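Engineer: Quick one: sequence and predicted model below, then my questions.
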Amino acid sequence: MRNIPCSAVEGYFKKNEVLAEVLTNVLEGIGHNPNNIDKWSGEFLMSLSKAENFEMTLMFAEESDKKLIKDIVAGL
């Protein structure tokens, strides 16, 4: 994922919703090793959060996804 520019993520998801499965995979990829959570992690998630209807995606997020978000934010 680190090879994907944040601007490309913003561009793609600007008019597309983030599917729950995609969000889960991204969160697991970023949060699988707490020692690797860094500035890029935050920037990538901020880019993803600019997606169409992202608030709706979060409303339907699983508890495990919400925990990963909290863990990633704590690691930042």
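Structural biologist: Alright, I've got the coordinates.
Engineer: The residue sitting nearest the centre point of the chain: which element?
Structural biologist: Most central in the chain under Cα atoms, centre = their mean is residue 45, positioned 3.9 Å from the mean C-alpha point. Secondary structure from DSSP states H and E places residue 45 in helix 39-48.
Engineer: and that helix, what's its mean pLDDT?
Structural biologist: Averaged over helix 39-48, pLDDT sits at 93.
Engineer: Over to stretch 7-26?
Structural biologist: The pLDDT scores in stretch 7-26 average 91.
Engineer: separation between residue 65 and residue 1?
Structural biologist: Going from residue 65 to residue 1 by Cβ to Cβ, to the nearest Å gives 16 Å. In this view, the C-beta of every residue, glycine as well, is placed from N, C-alpha and C.
Engineer: returning to that earlier point: name the surrounding residues that touch the helix holding residue 45.
Structural biologist: The contact list for helix 39-48 (Cβ atoms under 8 Å, 6 or more residues apart in numbering) reads 1-2, 4, 6-7, 9-10, 13, 18, 23, 26, 30, 54, 69, 72, 75-76.
Engineer: Quick check: PyMOL command selecting the buried ones in these.
Structural biologist: Typed into PyMOL, the line below selects the buried ones among the contacts of helix 39-48, using 16 or more other Cβ atoms under 10 Å:
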select buried, resi 6+9+13+18+23+26+30+69+72+75
